[in-house]
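In: Could you look at this predicted model? Sequence included:
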Amino acid sequence: MKFVQIIDFETERLDEMERVLEEAGRGFADRPGGPRQRMLLKDRDNPRRYLALIEFDSYEEAMRNSKDPETSRMAQRLDELCIGERVFTNCDLVDQRELA
């Protein structure tokens, strides 16, 4: 079953975060079990708040990815760019479809 992790965070340094994520994405590109898709949402009522939706093939793949030292280094760099702590929500993907 596909798995999605939602990361709720605030930042005023999104450009720097995007550079960290681009760099990490290049490193993860050929690695099995890494994230498959990412969606970034910006809160219209709070311009510093974002929600990142990260899709994996399975919960197990996501947990293996979380334990990878490269992932830990990336997470530490992202933490430094956030205001406050990030909040993680772990979800099984039950349904996904195009509506149009």
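Out: Ah, there it is.
In: Pull up the gap between residue 46 and residue 84, please.
Out: From residue 46 over to residue 84 the distance is 12 Å, taken as Cβ to Cβ, to the nearest Å. From N, CA and C alone the C-beta is placed, and that goes for glycine too.
In: whoops, residue 23 was the one
Out: When Cβ to Cβ is applied, the distance between residue 23 and residue 84 equals 24 Å.
In: which of these two has more neighbours?
Out: Between residue 23 and residue 84, counting by other Cβ atoms under 10 Å, residue 23 is the more crowded of the two (12 against 9).
In: mind listing the strands for this structure?
Out: Secondary structure of the chain by DSSP state E: the strands cover 3-10, 37-42, 49-56, 83-92.
In: tell me the angle of the first one relative to strand 83-92?
Out: Which is strand 3-10. For strand 3-10 and strand 83-92, the angle between their directions (axes from the mean of the first three to the mean of the last three Cα atoms, to 10 degrees) works out to 160 degrees.
In: Quick check: neighbours of strand 3-10 in the sheet, parallel or antiparallel?
Out: Applying DSSP bridges, strand 3-10 is found paired with strand 49-56 (antiparallel), strand 83-92 (antiparallel).
In: Would you mark the buried spots in it?
Out: Going by neighbour count (16 or more other Cβ atoms under 10 Å), the buried part of strand 3-10 is 3, 4, 5, 7, 9, 10.
In: Now do the residue lying closest to residue 56 once chain neighbours are set aside: how many residues are near it, please.
Out: Using Cβ to Cβ, 6 or more residues apart in numbering and skipping residues adjacent in sequence, the residue nearest residue 56 is residue 62, 4.1 Å away. Other residues within reach of residue 62, judged by other Cβ under 10 Å, total 21.
In: Tell me the pLDDT of residue 62.
Out: Confidence at residue 62, expressed as pLDDT, is 94.
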